[in-house]
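Q: Any chance you can model this:
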Amino acid sequence: MLSRDEIRYRTDKLGIDENGKLLVYKYIDFEGGKALIQNSTFKFSKPNEFNDPFDFYDELIDFAKHIAEAPSSYTRRDRRKVEKASMKSKVSTLKQNWKQLKNDYGITCFSKTYKEILMWSHYSDKHKGICIGILIDANKFLDSHFLSFAVEYKKSFKPRPYSEKDLKERINTMIQYSTVKADFWKYEQEIRLVSYDYYKKYDSSFFNFSDFAEIKEIYFGLKIKEGDKKELKKILSIKKLKVKIYEMRLLKNKFEIDKK
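A: This is a model prediction of the structure:
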């Protein structure tokens, strides 16, 4: 797999400001949001836990290219025989290795926006939860074994070759594998923090982010309970967090929501 130094230079800028800071949004149900605020932790998931069958899709990778190279001294006919025999074995081995490597992936997801109605419906308990604005220090999280990417949305894709010898090609393949999703998900405006060896390094799915991120904003959903609002405000007071609090509202004569 790629080392962090190999892939670091391809990390997307994502709208990171001149101070190296990035504001992202986490849609979450009330109980999950409460735990995130209290413990300063992100939950990292494995690829097989995602709800999209095309997420981390093996067909995004072309395992067959560049893997069978017979000596140039062979005749064309002999080279073809060698390559055909070795290809089947090598492809099988590579695919098996990737199945194991996928178990080490750790991913946590955010959005570029706080006002996407479908995100509120799907991830914030049908508008009864919250959305949390989190300011990430890009320089620090790179040193915390994570990489950040904006998801790329496509209607179709061409598999990228996986090369064990060509560094640039290998990097591009890894990025496509980690970030390409179907076009119908584009409303999510997703940003991912990815660790390629998370479950090798950490025993828990939850990671304390206080070294590289801080909570800056909280948005209450349209249908959140008054008691839940009070409970979150109390937690913020106890933790002495200086956080801007907003409530979502319906916009007049539009099928849109925004903060107030």
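Q: Could I get the contacting residues of the residue nearest in space to the middle of the chain?
A: In the chain, the centroid-proximal residue (CA atoms, centre = their mean) is R192; its distance is 2.5 Å. Applying CB atoms under 8 Å, 6 or more residues apart in numbering, one finds that R192 lies in contact with I107, T108, C109, F110, S148, F149, V151, S178, T179. Using the backbone N, CA and C atoms, a C-beta is placed for each residue, glycine as well.
Q: Need the pLDDT of it.
A: According to the prediction, R192 has pLDDT 91.
Q: Now, the contacts of R192 that are in strands?
A: Among the contacts of R192, the ones falling in strands (DSSP state E) are I107, T108, C109, F110, S148, F149.
Q: Show me how to select, in PyMOL, the buried members of the residues you listed.
A: The buried subset of these, as determined by 16 or more other CB atoms under 10 Å, is captured in PyMOL by this line:
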select buried, resi 107+108+109+110+148+149
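Q: thinking again about what came up before, of the contacts of R192, closest to I16?
A: Taking CB to CB as the measure, I16 sits nearest to S148 out of those, at 8.5 Å.
Q: Assess the claim that that closest one and I107 are in contact.
A: No. Between S148 and I107 there is no contact under CB atoms under 8 Å: 11.0 Å.
Q: which residues of the stretch 1-150 of the chain fall in helices?
A: 4-8, 30-39, 76-102, 117-123, 138-142 (DSSP state H, counting those that start in this stretch).
Q: out of the ones in strands among the contacts of R192, who's nearest I134?
A: F110 (7.1 Å).
Q: Do you know the pLDDT at the residue nearest to the closest one when sequence neighbours are not counted?
A: Spatially, and ignoring its direct neighbours in sequence, F110 is nearest to V24 (3.7 Å; CB to CB, 6 or more residues apart in numbering). With respect to pLDDT, V24 scores 95.
Q: burial count for V24?
A: V24 sits with 24 neighbouring residues when counted by other CB atoms under 10 Å.
Q: For it, give the beta-bridge partners.
A: Beta bridges link V24 to I134, judged by DSSP bridges.
Q: Please renumber the chain so that the first residue is 48 from this point on.
A: Noted, 48 is the first residue going forward, which turns the last one into V71.
Q: List the contacts of it.
A: Counting by CB under 8 Å, 6+ apart, V71 has contacts F157, S158, K159, G180, I181, I183, I238.
Q: quick one: common contacting residues for S195 and I154?
A: R239, L240, V241.
Q: quick check, nearest of these to D105?
A: For the shared contacts of S195 and I154, the nearest to D105 is V241 (17.0 Å; CB to CB).
Q: Okay, the closest one and E163: tell me how far apart.
A: 22 Å (CB to CB, to the nearest Å).
Q: helices or strands up against the strand or helix carrying D275?
A: Secondary structure assignment for D275, by DSSP states H and E: helix 273-285. Counting contacts by 3 or more CB pairs under 8 Å, 6 or more residues apart in numbering; DSSP states H and E, helix 273-285 is packed against helix 77-86, strand 260-267.
Q: Could you dump the ones you listed into TSV with mean pLDDT, mean neighbour count and distance to F253 added?
A: Formatted as TSV, those follow (pLDDT from 0 to 100; neighbours: other CB atoms under 10 Å; distance: least, CB to CB, whole Å):
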stretch	mean pLDDT	mean neighbour count	distance to F253
helix 77-86	96	17	7
strand 260-267	97	20	14
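Q: In JSON lines, list these along with distance to R124.
A: Shown next, in JSON lines, are the helices and strands packed on helix 273-285 (distance: least, CB to CB, whole Å):
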{"stretch": "helix 77-86", "distance to R124": "62"}
{"stretch": "strand 260-267", "distance to R124": "59"}
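Q: Compare these and give me the one nearest D230.
A: With CB to CB as the yardstick, what comes closest out of the helices and strands packed on helix 273-285 is strand 260-267 (26.8 Å).
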